[in-house]
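# Based on what follows, work out the 3D shape:
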Amino acid sequence: MVLMKFWWLFLAGGAMLAAQPMDRGLEAALKAHQAGEYELAAAGYRAFLKANPAAFEIRSNLGAVLVRLAKYTEAIDEYKLALQKAPANAGIGFNLALAYYKSGAIPEAARELSTVRAIAPDPLPVNLLLGDCWLQMGEFAKVSDLLAPLELARPDDLGLAYLLGTALVRQGKVEEGQKQLNKIFARGDSGEVRLLLGTAKLNAADVPGAMEELKKAVELNPNLASANAYLGQALLMSGDSDGAARAFQRELALAPYDFNANLSMASLLRQDQDYEKAKLHLERALRVRPGDTGVRYQQGSIALAENKVDQARQMLEAVVADAPEFVEAHVSLATVYYRLKRKADGDRERALVEKLNVEIQARQPKGDPIPAKGVPQP
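Model prediction:
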């Protein structure tokens, strides 16, 4: 967030007014902004912009104070108006992306950053934030493709190493991720290192080992992004749903739009039949990953639980069309068809579930069976 450095210069109607006396109201607004009096600054900026609507730097400053006031929608509108007057302004574009990011609109933030990185004087901060957006969206390969070339030029940048290492570990490329992790580990133990170790162990289904690392990550850095969310997943896999819920709640207190915490919390709330709260978490999850099949499956399951059977049918049919191997979705869809007295369709889904279970079992390592997903009876 950048205040206009040369605040005695501003534009109005396309003409530079540097030679004119400083507007007292604008001067007061700038001083209030610098002093952290954001409501007063916002009022002053708005008053000035009524008479000088083309002053895009001042409009950008208004966006900045609105972000400080957590009025993200209003801030986004102001940044967009500023960009209409200064479309190639990398600073305003970056601030617009930040407003999207803080509001949980991660795909929108990524879109803006993809534009800004081509014109930014220093693309590294843009690339790091873009990498973080893609990480939250589950686009791990895109993160590593973006950051790996930068890492060659900046091997000592720990922020870059952390994002790249995280993306590699979550792709299952643990050995490559470990190389990045070692750079951080060389500086001493940290929550970031423990989180990456815990994530790797969780991916390898080492639940006790993952819990040990993730608990340590939270202990070392209670505010570390995603640490509580992954700890919650490990606790859930261990059968401790109460402990998992507490971990997800801690994550959401820090990051209200964390995808994994919202999706997992929604699942727990659905099991507790608290459908309205579950829906709110699913809506937040979709802001980060629009169209995610796991979220849409949960929404369809809630519709089924609320006896909105035809709505559930439409949702679940769309999910299995996009994810044909999503066994649980086929199970729920079979239930829907049987409730609708469509026995032939229900039997077809039953047969699909049985076939998919056989295929999944066949792909598992010998001696490591997994339980088959149940199928409702007609």
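# my guess is Leu158 meets Ile184, correct?
Yes - with contact defined as CB atoms under 8 Å, Leu158 reaches Ile184; the gap is 5.6 Å. For every residue, glycine as well, the C-beta is placed using N, CA and C.
# And the chain, what are its domain boundaries?
Segmentation of the chain into domains, based on automatic domain parsing, reads 1-103, 291-378.
# can you give me the strands for the stretch 1-150 of the chain?
Counting by DSSP state E, counting those that start in this stretch, one finds strands in the stretch 1-150 of the chain at the ranges 11-12, 15-16.
# close enough to count as contact, Ala90 and Pro121?
Yes - here Ala90 lies in contact with Pro121, judged by CB under 8 Å, at a distance of 6.7 Å.
# The two: which is more packed in?
More crowded of Ala90 and Pro121, by other CB atoms under 10 Å: Ala90, with 18 against 7.
# Contacts only, for that one.
116, 119-121, 126 (CB atoms under 8 Å, 6 or more residues apart in numbering).
# how about a cut-off of 6 Å?
Applying CB atoms under 6 Å, 6 or more residues apart in numbering to Ala90 gives the contacts 116, 119-120.
# ok, back up a step: so for Arg194, which of the domains of the chain sits nearest?
For those, the distance to Arg194 is smallest for domain 1-103, at 25.2 Å, taking CB to CB.
# Give the rounded mean pLDDT of that closest one.
Here domain 1-103 scores 79 as its mean pLDDT.
# go on, stretch 154-164?
88.
# what do you get for stretch 256-276?
pLDDT averaged over stretch 256-276 gives 95.
# ok, now stretch 192-200?
85.
# Identify each buried residue in stretch 115-127, please.
115-117, 120, 123, 126-127 (16 or more other CB atoms under 10 Å).
# The stretch 201-350 of the chain: helices as residue ranges?
According to DSSP state H, counting those that start in this stretch, the stretch 201-350 of the chain carries its helices in the segments 207-220, 227-237, 241-254, 259-271, 275-288, 293-305, 309-322, 327-339, 343-363.
# so can I have a markdown table of the ones you listed showing distance to Ala64 and mean neighbour count?
Below are the helices of the stretch 201-350 of the chain laid out as a markdown table (distance: least, CB to CB, whole Å; neighbours: other CB atoms under 10 Å):
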| stretch | distance to Ala64 | mean neighbour count |
| --- | --- | --- |
| helix 207-220 | 32 | 19 |
| helix 227-237 | 29 | 24 |
| helix 241-254 | 23 | 18 |
| helix 259-271 | 27 | 23 |
| helix 275-288 | 22 | 18 |
| helix 293-305 | 32 | 22 |
| helix 309-322 | 40 | 18 |
| helix 327-339 | 44 | 22 |
| helix 343-363 | 51 | 15 |
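# can you give me phi and psi for Cys105?
Careful, residue 105 is Ala; it's not Cys. Dihedral pair for Ala105: phi -90, psi 70, per degrees, to the nearest 10.
# What's the local residue count around it?
Ala105 has 22 nearby residues by other CB under 10 Å.
# With Glu39 as the reference, measure out to Phe23.
Not quite, residue 23 is Asp, not Phe. 19 Å (CB to CB, to the nearest Å).
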